[in-house]
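This is the structure alone, sequence omitted:
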């Protein structure tokens, strides 16, 4: 059976690259808002044997337990640790304690992801060794499924190569050939940088997700917008403080 793994960073380090957008208290509220929305999405997902949440924050673990998810407290001694080490330990817990036969790792900041995405990925991992959803704005990974769970390490902490490229390079070296690249805008859009926050706010409107906790948070706290620098180039825009 498959297990869904959701690692969530401690509040002290969560979304640190957005420190120029929000205060530490706001980043905590942002994290909780994203988790509440993910819980809501997962309420329509029953294809996993268990959904595991790995975090140090008691507020997150309590929300998980209140909503039928399994909270696993990350040891404070493990913080900070390279992200691959965190994922490896979490994955090992899923295998040894929960007897996971496949694991799917999904991240908190996939604010557009749908229940359908989770069902599709879980179906695909039954007949593949790896299912990978590339991140939209980088050569990173937004979702990683492994069958079996320990078939290959993750490469989120590779010092020189983006995680998607590093994982595929190492899969080739290990003769892993049954790989499915899951092409999805909604499952691949994550929130790492200031421009992602601005775009995410607009996408939430476009997809009619104005009732989400993240939309409410951004509507209240977002203090900047964007505009194109060049009339003929949608990729080149500048971030503007709202007046």
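Yep, it's here. Since the model is a prediction, treat every value here as computed from it, not as a measurement.

And residue 198, how far from residue 6?
Residue 198 sits 25 Å away from residue 6, going by Cβ to Cβ, to the nearest Å. C-beta: built from backbone N, CA, C; applies to glycine.

And those two? Which one has more around it.
residue 6 (24 against 19; other Cβ atoms under 10 Å).

So for that one, what's the nearest residue that isn't a sequence neighbour?
Spatial nearest neighbour of residue 6, excluding adjacent residues (Cβ to Cβ, 6 or more residues apart in numbering): residue 53 at 4.9 Å.

continuing past the helix or strand the one you found falls within, what's the next helix or strand?
Applying DSSP states H and E as the criterion places residue 53 in strand 50-55. Following strand 50-55 in sequence order, the next helix or strand is helix 58-66 (DSSP H and E).

what angle do that next one and strand 50-55 make?
Using axes from the mean of the first three to the mean of the last three Cα atoms, to 10 degrees, the inter-axis angle of helix 58-66 relative to strand 50-55 is 170 degrees.

Between strand 50-55 and the strand or helix carrying residue 30, find me the angle.
Taking DSSP H and E as the criterion, residue 30 maps to helix 24-42. If you take the same axes, to 10 degrees, helix 24-42 sits at 180 degrees to strand 50-55.

The residue positioned nearest the centre of the chain and residue 240: what is the separation?
Geometric centre of the chain, nearest residue: residue 107, 1.7 Å, by Cα atoms, centre = their mean. Distance, residue 107 to residue 240, by Cβ to Cβ: 28 Å.

same deal with residue 83?
Distance of residue 83 to residue 240, given as Cβ to Cβ: 32 Å.

what's the nearest residue to residue 74 if we skip its chain neighbours?
In space, residue 74 is closest to residue 56, 4.4 Å off (Cβ to Cβ, 6+ apart).

which ones are touching the one you found?
Going by Cβ atoms under 8 Å, 6 or more residues apart in numbering, residue 56 touches 10, 73-76, 79.

from those, which is closest to residue 220?
Within the contacts of residue 56, distances to residue 220 taken as Cβ to Cβ reach their minimum at residue 10, with 23.8 Å.

check contacts around that closest one.
55-57, 74, 79.

quick one: it is in a helix?
No. Under DSSP: H, G, I helix; E, B strand; the rest coil, residue 10 sits outside any helix and is assigned coil.

Look up phi and psi at it.
When read as degrees, to the nearest 10, the backbone of residue 10 gives phi -60, psi 150.

what do you get for residue 109?
Residue 109 adopts backbone torsions of phi -90, psi 20, taken as degrees, to the nearest 10.

What sits closest to it if chain neighbours are left out?
Setting aside the residues directly before and after it, residue 109 is nearest to residue 191 in space (Cβ to Cβ, 6+ apart), at 4.1 Å.

Doesn't the one you found belong to a strand?
No. Assigned with three-state DSSP, residue 191 falls outside any strand and is coil.

could you list every residue that touches it?
Counting by Cβ under 8 Å, 6+ apart, residue 191 touches 15, 18, 34, 109, 111, 197, 200.

Where does residue 131 sit: helix, strand or coil?
strand.

Numbering from 3 from now on, please.
Noted, 3 is the first residue going forward, which turns the last one into residue 133.

is it in a bridge, and if so with what?
Taking DSSP bridges as the rule, residue 133 bridges to residue 147, residue 182.

got the buried residues for stretch 123-137?
Residues of stretch 123-137 classed as buried: 123-124, 126-127, 130-137 (neighbour count, 16 or more other Cβ atoms under 10 Å).

Tell me where the protein has strands.
Under the criterion DSSP state E, the chain carries strands at the ranges 4-9, 52-57, 72-75, 104-108, 132-136, 143-148, 181-183, 226-232, 235-243.
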